[in-house]
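[1] Below are the sequence and a predicted model for it; my questions follow.
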Amino acid sequence: MRILLVFTFVGLLTSVSSAQKVKFSGTLFDHNGAVIVKGRVAAKSDKTKSASVSTSDDDGRFQMELEPGLYSLEVEGTGFLAIMHPEYLVVNSPTGMKMDFVMFGSRNHEPCGYSGADCLPDRMFIKEF
């Protein structure tokens, strides 16, 4: 009977600890709608200052598991301007979160003005490495 209680308790602790993580995923695209392979998405925790990093696959998709909390985001890809979210993303969804990103070339034709920034939302900043 005690063994059954111990296994039940351990199982509950495992399910509670894994339920606390939130799946954060999305897809990286260029301005023409083509997927970006091997792009890097970093989510930096406001609380711990540690970063979770994911790399996009052959379909442009990325995925990471995050603790509930506040995160700043940075998205990078070779030959593209990096995207930085200066405001914090609130991660706290039991069903997961999805966010897609459109990136603009750093040295190629820019579709919207000189820098390409005219096409980005006002709250997003870009930087070039």
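    Noted; the coordinates are in hand.
[2] Show me the shaky parts of this protein.
    Low-confidence segments of the chain (pLDDT under 70): 1-19, 86, 106-129.
[3] One more pass at 80, please.
    Within the chain, the segments meeting pLDDT under 80 span 1-19, 86-87, 106-129.
[4] Helices of that one, start to end?
    Here the chain has its helices, by DSSP state H, at 2-19.
[5] the strands in the protein, which residues?
    22-30, 40-45, 51-55, 61-66, 69-76, 82-91, 97-98, 101-103, 125-127 (DSSP state E).
[6] Output these in TSV; the columns should cover mean neighbour count.
    Placement of C-beta: from N, CA and C, glycine included. Output for the strands of the chain, formatted as TSV (neighbours: other Cβ atoms under 10 Å):
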stretch	mean neighbour count
strand 22-30	19
strand 40-45	19
strand 51-55	14
strand 61-66	18
strand 69-76	19
strand 82-91	15
strand 97-98	14
strand 101-103	20
strand 125-127	14
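[7] check contacts around the closest residue to Ile36 other than its chain neighbours.
    Spatial nearest neighbour of Ile36, excluding adjacent residues (Cβ to Cβ, 6 or more residues apart in numbering): Leu28 at 3.9 Å. Residues in contact with Leu28, defined by Cβ atoms under 8 Å, 6 or more residues apart in numbering, are Val35, Ile36, Gly39, Val41, Ser56, Gly60, Phe62, Val75, Gly77, Asp100, Phe101, Met103.
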